[in-house]
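In: Next one to model:
(chains A and B)
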2 protein chains.
Amino acid sequence: MPTINENFLKLEKNYLFINIAKKVNAFLKENPDAKLIRMGIGDVTLPIAPVCVEAMKKGAEEMGVKETFKGYEDSGTGYDFLKQAIADYYQRYGVTLSLDEIRVNDGAKSDCGNIVDIFGDDNIVMVTDPAYPVYVDSNKMNGRTIIYADSNEENGFAAMPDFSVHADLIYLCSPNNPTGSVYTKEQLKVWVDYAKQNQAIIIYDAAYEAFITQPDIPHSIFEVEGAKTCAIEMCSLSKTAGFTGMRCGYTVIPNELTVTASDGTTVSISQLWGRRQGSKFNGVSYPVQCAAAAVFTEEGRKQIQKNIAYYQENAAIISRTMDELGIKYTGGINSPYIWFQCPNQMSSWEFFDEMLHKIAVVGTPGEGFGKNGDGWFRLTAFGDRDLTIEAMERFKNMLKK
Amino acid sequence: MPTINENFLKLEKNYLFINIAKKVNAFLKENPDAKLIRMGIGDVTLPIAPVCVEAMKKGAEEMGVKETFKGYEDSGTGYDFLKQAIADYYQRYGVTLSLDEIRVNDGAKSDCGNIVDIFGDDNIVMVTDPAYPVYVDSNKMNGRTIIYADSNEENGFAAMPDFSVHADLIYLCSPNNPTGSVYTKEQLKVWVDYAKQNQAIIIYDAAYEAFITQPDIPHSIFEVEGAKTCAIEMCSLSKTAGFTGMRCGYTVIPNELTVTASDGTTVSISQLWGRRQGSKFNGVSYPVQCAAAAVFTEEGRKQIQKNIAYYQENAAIISRTMDELGIKYTGGINSPYIWFQCPNQMSSWEFFDEMLHKIAVVGTPGEGFGKNGDGWFRLTAFGDRDLTIEAMERFKNMLKK
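Out: Residues are numbered from 1 along each chain as shown, chains lettered A, B, ... in the order given. A predicted model of the protein is given here:
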């Protein structure tokens, strides 16, 4: 009989958002008339931009004509037209990438989860706490030792490295999911210095970079000098352009990023990952890549910016509510997330239940993202404007009682 | 410094088809005017069916309207409309599946490569030789012991189990890639019996089932009684409906498929895989799923059948050429592949070079699929009709000289 990967038995039985969905479904079964407002899972609600729809339709039509039909992609790493659009986007922030440093994928989650396949199981993995659960789960699945860098009220939920502690792989996310905090260039430089001292690799999640409004906050870790020899960056169009149901993201692996194997040979991380993907991935749907490329056109950027501005205004509405109520929070600017302290010293799951049952608003309990998340709570600004306003009214009323 | 997964260093440096592409590119550089005919990689050439184009365009339009926009899929395992279509398709062959036994993916390669994540590294993996390289590579990446069941001229390149040898995981593919051989129901029953005796799990690759023409050849391993307690099946629309550039497939994991963990608990394979996918996958693009569902409509089936018939006629043209020349081969019926013995006792890479340089026809050397492939060669019937005829003319001329 096959043995199983028993590391799976040490995981939480379900992915966080599946647990939340179960609680919500149970509530709706008991309260079928409840006017539920979902501000939990970080899913967008506005449709994709018209340029993306048109580009996808055109791509679909090309697939239906022999002369323009596209089969397997030669490289499986994305068409040049899309990689060039991404490279041009990075150039806006002063980051020069060659096309072979960019790998188009079906969303950041896949690469973020799978990237660990190319590393040894004996690595020490550092994750900021709280964090997106995929960082922890994907490493637990291989039995790796995970250590945590604390993000908390004191450091504005932007953990900084402890130079006396060693790590081999480091996960950073800015703007942060779940806390909405951002790293300044100076702070990121400290992380890069820490990575270099430890000869570690930073896996940098930039999925929320499009929400950055302050000009001095870096959109990419590669804006920091020296990062190309110690970092991988992952980004996604899910939040940038409402692609959660379209599925397209990209990973940047600089060509100069190498490690030394046990036999002393220098190994390119890009080649190692390419070998992994060559056997386990076959590229992204061509019409999806067409839609993705449209995001980066001038008209596309205008259209997605309108949606981002809409979400930013939602975030401002939530932030103002917190300000009014005197509740501590991070995020809200540079981020679609508002991360606030649960009132009355409630635990985050207690507050989840309270909000669900008293005002039928679904949020995400901070504890789901790590121990430092207990007592904290995440709301997303990705909802409908009217529902966001309505939810905040209910929220204020609940806390006044 | 992070250690790498050193199992990668034991792999061939490149995935087979990347090596072939390099040889072809070098040839084209030297012979820019060569009229190359590609019969190597198993990629299709006919466009996707009109119903699929229309369904995808409609899906894209829905994504552009707030009321019909789709974000993250709740389950990440595929929309019910597509899973129902797949279940109905299985019902044609007498196989009853519940929707939660079907998982839609971005192509069979991903699941086929990733499924091993849920199993222990100490399992003994049996692969028929020759075989699709992903079976071997994805297990070598985890350092598993691989044993081979020989497919060769004697058994018509349809390996049967040796009951004196133990395996925990078994890869089977019928119609076979690369040999085009098929298992009868009786032969599959022997494999199911072998799996049961070993309490093993069969990973069954049915990617080419749509090419089966003989009524007594099973399209699914679940047509064999008892297979639901010992098999996982993977299928794809890549070859069925020309989806190599669209990216959609599906995996069937029966709910009754379980193993026993080291602590004695019964573990559902479906749940284990669900936990893996929950952390590392976010579902398939909605418009792609719309296009996939269209494949299974009455009109869709008519349209794809036309394309399959076209490829089947190509296969017949190649088969007739082999017959004429007295070359031994398998496949050609029930399969888009023709697997033939290299003339003049050449090795398969020698014959690859000979064909490339003498007649500018690209095939796949059998050795790339395993040791039993040496001296054998794969041609695909997925090409253009005129080019297939032209390639066979060149082939005959080459061998007459």
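In: Just give me the neighbour total for the residue of the stretch 201-350 of chain A found nearest chain B.
Out: Chain B sits closest to residue A:280 of the stretch 201-350 of chain A, with a gap of 3.1 Å, by Cβ to the nearest Cβ. Any C-beta I mention is one placed from the backbone N, CA and C, and that applies to glycine too. Here the number of neighbours of residue A:280 (other Cβ atoms under 10 Å in any protein chain shown) works out to 23.
In: now do residue A:371
Out: 12.
In: Surely it is in contact with residue A:127?
Out: No. At 11.5 Å, residue A:371 and residue A:127 do not qualify as touching, with contact defined as Cβ atoms under 8 Å.
In: where do the contact lists of those two overlap?
Out: Each of residue A:148 lies in contact with both residue A:371 and residue A:127 under the rule Cβ atoms under 8 Å, 6 or more residues apart in numbering or on different chains.
In: just for chain A, where's the confidence low?
Out: A:14-15, A:401 (pLDDT under 70).
In: Give me the longest helix you can find in it.
Out: helix A:298-325 (DSSP state H).
In: still on that earlier bit, which residue packs closest to the residue of the stretch 201-350 of chain A closest to chain B, ignoring adjacent ones?
Out: Excluding the flanking residues, the one nearest residue A:280 by Cβ to Cβ, 6 or more residues apart in numbering or on different chains is residue B:113, at 3.1 Å.
In: For the stretch 151-300 of chain A, what lies in contact range of chain B?
Out: Within the stretch 151-300 of chain A, the positions adjacent to chain B are A:168-169, A:198-201, A:242, A:244-248, A:259-263, A:265, A:267, A:272, A:275-276, A:278-288, A:291 by Cβ under 8 Å from any Cβ of the partner chain.
In: In strands, which of these appear?
Out: In this view, these that belong to strands under DSSP state E are A:169, A:201, A:259, A:260, A:267.
In: The fourth one against residue A:269, yeah?
Out: No. Counting by Cβ under 8 Å, no contact exists between residue A:260 and residue A:269, whose distance comes to 11.5 Å.
In: Stretch A:90-102 and chain B, are they touching?
Out: No. Stretch A:90-102 stays clear of chain B (Cβ under 8 Å from any Cβ), getting no nearer than 13.4 Å.
In: That stretch: end-to-end distance?
Out: 11 Å (Cα to Cα, to the nearest Å).
In: can you list the residues that contact it?
Out: For stretch A:90-102, using Cβ under 8 Å, 6+ apart, the contacting residues are A:77-78, A:80, A:83-84, A:86-87, A:218-220, A:222-223, A:250-255, A:270.
In: Tell me how far the spatially closest residue to residue A:43 that is not a sequence neighbour lies from residue B:296.
Out: Nearest non-adjacent residue to residue A:43, counting by Cβ to Cβ, 6+ apart: residue B:71, 4.1 Å away. Noted for residue B:71: a distance of 25 Å to residue B:296, by Cβ to Cβ, to the nearest Å.
In: Equivalent analysis for residue A:204, please.
Out: 41 Å.
In: Neighbour count: those two, which is higher?
Out: Ranked by neighbour count (other Cβ under 10 Å), residue A:204 and residue B:296 place residue A:204 first, with 27 against 21.
In: which helices and strands sit right next to whatever helix or strand the more buried one lives in?
Out: Take DSSP states H and E as the rule and residue A:204 turns out to sit in strand A:201-205. Strand A:201-205 is packed against helix A:108-114, strand A:169-173, helix A:185-197, strand A:231-236, with contacts defined by 3 or more Cβ pairs under 8 Å, 6 or more residues apart in numbering or on different chains; DSSP states H and E.
In: From the contact counts, what lies against the longest one?
Out: Helices and strands in packing contact with helix A:185-197 are listed as strand A:169-173, strand A:201-205; criterion 3+ Cβ pairs under 8 Å, 6+ apart.
In: okay, now residue A:133: neighbour count?
Out: Residue A:133, neighbours per other Cβ under 10 Å, totals 22.
In: Look up how far residue B:193 lies from the nearest residue to it once chain neighbours are set aside.
Out: In this structure, residue A:133 finds its nearest non-sequential neighbour in residue A:16, 5.2 Å apart by Cβ to Cβ, 6+ apart. Residue A:16 sits 42 Å away from residue B:193, going by Cβ to Cβ.
In: Likewise for residue A:360?
Out: From residue A:360 across to residue B:193, the span is 55 Å (Cβ to Cβ).
In: Could you pull up the residues touching the residue nearest to residue A:280?
Out: Residue B:113 makes contact with A:279, A:280, A:281, B:134, B:137, B:138, according to Cβ under 8 Å, 6+ apart.
In: Next: residue A:223.
Out: A:93, A:94, A:95, A:185, A:188.
In: Out of the residues you listed, which comes closest to residue B:231?
Out: The closest of the contacts of residue A:223 to residue B:231 turns out to be residue A:95 (Cβ to Cβ; 48.1 Å).
In: Helix, strand, or coil at that closest one?
Out: Following DSSP: H, G, I helix; E, B strand; the rest coil, the label given to residue A:95 is coil.
In: next one: phi and psi at it?
Out: When quoted as degrees, to the nearest 10, the phi and psi of residue A:95 stand at phi -100, psi 120.
In: and it, how many neighbours?
Out: 21.
In: And it, how far from chain B?
Out: Residue A:95 is 23 Å from chain B, where distance means Cβ to the nearest Cβ, to the nearest Å.
In: Kindly report the same for residue A:358.
Out: Taking Cβ to the nearest Cβ as the measure, residue A:358 falls 25 Å from chain B.
In: Touching, that residue and residue A:398? I think so.
Out: Yes. Residue A:358 is within contact range of residue A:398, at 5.3 Å (criterion: Cβ under 8 Å).
In: How about residue A:269, nearest residue that isn't a chain neighbour?
Out: residue A:257 (4.5 Å).
In: That neighbour against residue A:201, yeah?
Out: Yes. Residue A:257 lies in contact with residue A:201 (Cβ under 8 Å); the separation is 7.1 Å.
In: quick one: common contacting residues for those two?
Out: A:230, A:231, A:232, A:269.
In: Identify each buried residue in the strand or helix carrying residue A:29, please.
Out: Using DSSP H and E, residue A:29 falls within helix A:16-30. By 16 or more other Cβ atoms under 10 Å in any protein chain shown, the buried positions in helix A:16-30 come out as A:16, A:17, A:18, A:20, A:21, A:23, A:24, A:27.
In: next one: stretch A:373-390
Out: For stretch A:373-390, burial by neighbour count (16+ other Cβ under 10 Å) applies to A:373-384, A:387-388, A:390.
In: So which of those sit within helices?
Out: Per DSSP H, the buried residues of stretch A:373-390 map to helices at A:387, A:388, A:390.
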